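Trainee: quick check, what structure comes out for this input:
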Amino acid sequence: MRAAAVKQPRLPKTVHDGIRSGDLPDAELFGQLLKRQLAESRRFGHPLSVIRITVGPAPGAENDDAAWSEEQADAVAQAVYSAIREMDLLARMGESDFIVMLPSTGAAAARIVAERTAARVESQPLTSAEGPSRHELHLGIATADSAETAEQLIERASQARFSRLQPGSSALRPEEPLTRGAPSHIKPAMASPARIAGPHRRPASPPIARRARLCASDALQS
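Mentor: This is a model prediction of the structure:
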């Protein structure tokens, strides 16, 4: 039997046909939704993964002390959202900190989504008021085990983050990922290109679907 998907918040359409990071579910709501999805996944025997995404100034960069703008956050959110499925949930955990919940997704598939997400974010120019800026992208993947809580799953994804950086560039560019403290079971070998174009692929031409922030009671109702 297929696990029931958590009711997803929906974002209103905007004039720029993109999402606004300020409209995403926050950390508190995401935690409640993840807790419910975790229970559903265990009930039906389906995997569940999360990807933690943080963007920050590169060490030693001239923009080290520059304020993170909402325009930069919007650009990251739009890039991430374009890389995930309709059933996945993107939330904002902090100023430049995001997380994605991937229902019915094991470790290998989550790694594919993370690589695609990194490529999309890296293609976005992130500029500050002072002009082009250098940033680091940190991604951490964790797949739920049979006993951990939602909080523990989020923490494990946070600890599993790796870094990508191209010095002197106005945009993030791909580099060989550097794994930082990631358990071996969440570092599966990359799949073939044919698998990357599998169930997580999103159409390139239709506009991005929208998700709006809902209060916890609305989002968690049956």
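Trainee: alpha carbons only for contacts and neighbour counts from here, please
Mentor: Will do.
Trainee: can you tell me how far the closest residue to Arg156 other than its chain neighbours sits from Glu148?
Mentor: In space, and not counting its chain neighbours, Arg156 is closest to Ala142: 6.1 Å by CA to CA, 6 or more residues apart in numbering. Relative to Glu148, Ala142 is positioned 11 Å away (CA to CA, to the nearest Å).
Trainee: could you do Ala79 as well?
Mentor: As judged by CA to CA, Ala79 and Glu148 stand 30 Å apart.
Trainee: neighbour count winner among those two?
Mentor: Using other CA atoms under 10 Å, the more surrounded residue of Ala79 and Glu148 is Ala79, with 22 against 11.
Trainee: which residues are in contact with the more buried one?
Mentor: The neighbours of Ala79, taking CA atoms under 8 Å, 6 or more residues apart in numbering as the test, are 117, 120-121, 124.
Trainee: Leu124 and Glu70, how far apart?
Mentor: Residue 124: Gln, not Leu. Gln124 sits 14 Å away from Glu70 when distances are taken as CA to CA.
Trainee: neighbour-wise, which of the two wins?
Mentor: Using other CA under 10 Å as the criterion, Gln124 and Glu70 rank with Gln124 on top: 17 against 14.
Trainee: just checking, the more buried one touches Val76?
Mentor: Yes: here Gln124 lies in contact with Val76, judged by CA atoms under 8 Å, at a distance of 7.3 Å.
Trainee: let me see the ranges of the strands in the chain.
Mentor: For the chain, the strands defined by DSSP state E cover 48-57, 89-94, 97-103, 127-128, 131-132, 135-143, 162-164, 178-179.
Trainee: in a markdown table: those, plus mean pLDDT, distance to Asp23 and mean neighbour count.
Mentor: A markdown table is the format used below for the strands of the chain (pLDDT from 0 to 100; distance: least, CA to CA, whole Å; neighbours: other CA atoms under 10 Å):
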| stretch | mean pLDDT | distance to Asp23 | mean neighbour count |
| --- | --- | --- | --- |
| strand 48-57 | 90 | 17 | 24 |
| strand 89-94 | 95 | 9 | 22 |
| strand 97-103 | 97 | 12 | 24 |
| strand 127-128 | 64 | 21 | 17 |
| strand 131-132 | 62 | 26 | 12 |
| strand 135-143 | 89 | 22 | 25 |
| strand 162-164 | 60 | 27 | 20 |
| strand 178-179 | 33 | 31 | 14 |
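Trainee: export these as TSV, with columns for distance to Ile112.
Mentor: Shown next, in TSV, are these (distance: least, CA to CA, whole Å):
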stretch	distance to Ile112
strand 48-57	11
strand 89-94	16
strand 97-103	12
strand 127-128	27
strand 131-132	29
strand 135-143	10
strand 162-164	15
strand 178-179	15
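Trainee: which ones are touching Asp26?
Mentor: If you count contacts by CA under 8 Å, 6+ apart, Asp26 has them with 91-94.
Trainee: where does the chain have its least confident helix or strand?
Mentor: In the chain, no helix or strand scores lower on mean pLDDT, DSSP states H and E than helix 193-196, which sits at a mean of 28.
Trainee: so which bits of the longest helix anywhere in the chain are buried?
Mentor: Longest helix of the chain, by residue count under DSSP state H: helix 27-44. For helix 27-44, a neighbour-count test (16 or more other CA atoms under 10 Å) marks 27, 29-35, 37-38, 40-42 as buried.
Trainee: averaged pLDDT, that helix. What do you get?
Mentor: Helix 27-44 carries an average pLDDT of 96.
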